[in-house]
Every structure is written in structure tokens, then in C-alpha cells.
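1. The following comprises the amino acid sequence and a computationally predicted model.
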Amino acid sequence: MDRGSSEEQPSIRVTTDALRLVPVVELEPSRFGSAPCPRRGPWTTEESERYWRACLRAGGMVGIDPIVPGSWFVATDALTSQDALIKVLQAHVGDSVPADDEVGALSGGLALVDGAEVLLLPTCCGDLSDLESWRKAAHALAESPEMLWIGHPWLMAWYAAPMLHIREEREHGIPAQPRELVVKPEVLQRAVDLAARDLDVFSERAASALQHIPGVIDARAIAEILVGRMAT
């Protein structure tokens with residue numbers, strides 16, 4: 001059966017029972033401070049991380065580490081400082097707190113981690129609401145590939161009993177070497193459930209931090225939206 005449009009066969013990785021989904025937020029450095037940009041052209045991992053840390057430091061945010069070197073993604077449970085969390089939320093909602101129908105989920109999404117290795121990060125335009133895409137994929141029974149949205153480029157997922165297959169899609173030549181992951185559905189389902197609990201905890205912490213931002217009336221409702229859930 002044709003599994004999609006990738007021009008070359010992807011490398012295949014069978015994941016373990018230690019698979020996790022880690023909620024991450026993207027801290028775009030220019031929203032927190034300014035620093036000299038690295039040279040023109042593609043940045044190295046070291047240049048990207050040095051610029052990111054310098055911008056965060058200029059905004060008074062220190063002691064924050066990306067989930068992998070050179071990325072701008074930080075695990076929600078690594079934002080342990082309430083002062084830092086307030087700054088992250090303030091940068092997202094802006095100077096005036098928007099109404100519930102004007103605020104969206106925090107940029108980022110879910111990092112797929114196997115043991116100590118980060119296999120996948122969110123891509124452009126991903127956010128914390130993408131947990132629902134992972135939930136849908138974890139319970140999928142379709143044998144033909146369906147989109148698993150993590151931003152773009154996205155993933156494709158399909159079920160070939162008894163395993164779930166997840167393949168990277170290429171956009172403008174990225175990634176250079178797409179991969180295919182083979183996952184036990186029950187392991188991914190468990191990872192989704194644990195990630196949802198992590199977001200419950202983060203929502204509570206976000207609600208507490210939002211109370212320190214002027215103009216917030218219903219901190220709990222806004223926090224739920226920030227973690228990717230609709231207001232109730």
C-alpha cells in the first residue's frame with residue numbers, strides 16, 4: 001500500500017515503552033529582549049542558543065534551558081519561576097488582556113521523547129492545543145495515512161496492526177531526511193493521558209501567574225485557553 005508522497009524511503013525507528021509527550025512552549029527571543037544577531041545565513045546550534053539566552057537575559061529571564069540545545073522550546077514543567085512564567089504569559093497576551101475569544105493557546109506543542117532522547121519537536125504554528133491531534137492519532141485505526149498536526153511541516157500517521165506508524169513530512173526540503181516512527185498505540189495513548197495531566201498542572205500554575213497581570217478578570221478561564229482548551 002502506498003503510504004504517501006515522500007520521495008525517498010524514510011529511516012525507521014521502533015520506539016520503546018518509555019515514550020512520552022512533553023508539553024513545551026516556544027519562547028521567541030525577540031519578545032523578551034534584544035541582543036546582537038548572529039551572522040547572516042543559517043545559524044549553528046551554538047549561535048541560535050547564544051542569541052536566545054542573550055535575549056531572555058536582557059528581559060530578566062535567567063536559569064531557563066531549552067528542551068534540546070539550540071531550540072526555543074522549553075518544557076512547561078521547567079518554567080519553575082513564577083516571575084518567568086508571568087513574563088511568558090504577559091508576552092503572549094500583550095499589554096491589554098484580551099477577551100476569551102481573542103486569546104489563543106500558547107505557541108509550542110508536544111515534544112515526543114523516548115527515554116532521554118527527544119525524537120520530535122513541534123514545528124511552525126504549533127501550539128498546546130495540538131495534544132488533541134496526538135490523541136486522535138493514538139486511537140486511529142485507519143490504514144491510510146492521515147495528518148497529525150504539530151505545525152508545518154506536519155506528520156502523517158496510520159495504523160498497521162498491531163502498530164501505529166508516524167512519518168515526518170517534508171516541506172521546502174525540511175526535514176532533509178524524514179523519519180518513520182513505529183509506536184505501540186497503547187504506549188502513545190498513555191503518553192497522551194500523562195501529557196494531559198501535565199497540562200492540568202500547568203493550567204493551575206498559569207492561572208496563579210495570570211492573577212499578577214493587570215486586567216485579568218477570569219484567570220482560570222484564560223489559563224485553560226492558553227493550554228489549548230476551549231473556555232467553558
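-> In hand now; what should we look at?
2. Contacts only, for Arg39.
-> Contacts for Arg39 (Cβ atoms under 8 Å, 6 or more residues apart in numbering) come out as Glu47. Any C-beta I mention is one placed from the backbone N, CA and C, and that applies to glycine too.
3. In three-state terms, label it for me.
-> coil (DSSP: H, G, I helix; E, B strand; the rest coil).
4. now it: how far from Arg50?
-> The span separating Arg39 from Arg50 equals 12 Å under the rule Cβ to Cβ, to the nearest Å.
5. One more: Gly228?
-> Gly228 is 31 Å from Arg50, where distance means Cβ to Cβ.
6. what about the two, which has more around it?
-> Using other Cβ atoms under 10 Å, the more surrounded residue of Gly228 and Arg50 is Gly228, with 22 against 16.
7. Dihedrals phi and psi, the nearest residue to Ser81 once chain neighbours are set aside?
-> Excluding its sequence neighbours, the residue lying closest to Ser81 (Cβ to Cβ, 6 or more residues apart in numbering) is Gly63, at 7.0 Å. The phi/psi pair for Gly63 (degrees, to the nearest 10) reads phi 70, psi 20.
8. buried ones in stretch 215-232?
-> Val216, Ala219, Arg220, Ala221, Ile222, Ala223, Glu224, Ile225, Leu226, Val227, Gly228, Arg229 (16 or more other Cβ atoms under 10 Å).
9. Output it as PDB, nothing but the C-alphas.
-> Provided in PDB are the C-alpha atoms of stretch 215-232 (Å, rounded to 0.1, in the frame of the first residue of the first chain):
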ATOM      1  CA  GLY A 215      -6.700  43.500  33.800                       C
ATOM      2  CA  VAL A 216      -7.200  39.800  34.200                       C
ATOM      3  CA  ILE A 217     -10.600  39.000  35.500                       C
ATOM      4  CA  ASP A 218     -11.100  35.300  35.000                       C
ATOM      5  CA  ALA A 219      -7.600  33.900  35.300                       C
ATOM      6  CA  ARG A 220      -8.700  30.300  35.300                       C
ATOM      7  CA  ALA A 221     -10.700  30.500  32.100                       C
ATOM      8  CA  ILE A 222      -7.900  32.300  30.300                       C
ATOM      9  CA  ALA A 223      -5.400  29.700  31.600                       C
ATOM     10  CA  GLU A 224      -7.500  26.900  30.200                       C
ATOM     11  CA  ILE A 225      -7.400  28.600  26.800                       C
ATOM     12  CA  LEU A 226      -3.700  29.100  27.000                       C
ATOM     13  CA  VAL A 227      -3.100  25.300  27.500                       C
ATOM     14  CA  GLY A 228      -5.300  24.600  24.500                       C
ATOM     15  CA  ARG A 229      -8.700  24.100  25.900                       C
ATOM     16  CA  MET A 230     -11.900  25.900  25.000                       C
ATOM     17  CA  ALA A 231     -13.500  28.200  27.600                       C
ATOM     18  CA  THR A 232     -16.400  26.600  29.300                       C
END
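10. Quick one: distance of it to the chain centre.
-> 19 Å (Cα atoms, centre = their mean, to the nearest Å).
11. can you map out the helices along this structure?
-> For the chain, the helices defined by DSSP state H cover 45-58, 82-93, 131-138, 185-210, 219-226.
12. could you dump those helices to a markdown table with mean pLDDT?
-> Listed next are these as a markdown table, based on pLDDT from 0 to 100:
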| stretch | mean pLDDT |
| --- | --- |
| helix 45-58 | 96 |
| helix 82-93 | 94 |
| helix 131-138 | 98 |
| helix 185-210 | 98 |
| helix 219-226 | 94 |
